[in-house]
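Student: Predicted model and sequence follow; I will ask about them next.
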Amino acid sequence: QVQLVESGGGLVQAGGSLRLSCAASGRTLSSYALGWFRQAPGKEREFVAAISWSGGRTYYGDSVKGRFTISRDNAKNMVYLQMNSLKPEDTAVYYCAKAPRGSISYTIHSYDYWGQGTQVTVSS
């Protein structure tokens, strides 16, 4: 079993920054790709970013390219999402997720463990 716990969400003004963290326990994540997704009220869960097992490859959703950066620290079993130039449309619950393999994917069904989510609210 893997437990993923997100933190770092909150309320921020448009143009501001937040850094989300996701701590894993129960298993080392160094062999697996990790991802961030988000879900706004009334909308489907959306892919945000993913990172390969080594951190050598990353992939971003079109809406966050150039503003968000995903990173990982395998020694600490952590994954991060640095969010800059935040917009009101970034408001959502953000989830981290673990894939069952090392290669990155942007589809929800490619991930087998999920955190409980952290709320990010961007005010205009």
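Tutor: Perfect, thanks for sending it. Numbering: from 1, shown residues only.
Student: What strand or helix carries the most centrally placed residue in the chain?
Tutor: Of all residues in the chain, the one closest to the mean position by CA atoms, centre = their mean is residue 36, 2.3 Å from it. Secondary structure from DSSP states H and E places residue 36 in strand 34-39.
Student: ok, back up a step: residue contacts, the spatially closest residue to the residue nearest to the centre of the chain that is not a sequence neighbour?
Tutor: Distance criterion CB to CB, 6 or more residues apart in numbering; nearest residue to residue 36, sequence neighbours excluded, is residue 48 at 4.3 Å. All C-beta atoms are positioned from the backbone trio N, CA, C, and that covers glycine. For residue 48, the contact set (CB atoms under 8 Å, 6 or more residues apart in numbering) comprises 35, 36, 37, 38, 60, 61, 64, 68, 81, 94.
Student: okay, residue 48: pLDDT?
Tutor: Looking at residue 48, its pLDDT stands at 98.
Student: Over to residue 36?
Tutor: At residue 36, the model reports a pLDDT of 98.
Student: which residues does residue 59 contact?
Tutor: Contacts of residue 59 (CB under 8 Å, 6+ apart): 49, 50, 51, 104, 106.
Student: 7 Å instead?
Tutor: Applying CB atoms under 7 Å, 6 or more residues apart in numbering to residue 59 gives the contacts 49, 50, 104, 106.
Student: Helix or strand: which one has residue 41?
Tutor: Residue 41 belongs to no helix or strand when elements are defined using DSSP H and E.
Student: Quick check: bridge partners of the residue nearest to the centre of the chain?
Tutor: As for beta bridges, residue 36 partners with residue 49, residue 96 under DSSP bridges.
Student: so how far is residue 25 from the nearest residue to residue 82 once chain neighbours are set aside?
Tutor: Once flanking residues are discounted, residue 82 sits nearest to residue 69: 4.4 Å by CB to CB, 6+ apart. Per CB to CB, to the nearest Å, residue 69 is found 24 Å from residue 25.
Student: So the two - more neighbours on which side?
Tutor: For residue 69 and residue 25, the more surrounded residue by other CB atoms under 10 Å is residue 69, and the numbers stand at 16 against 12.
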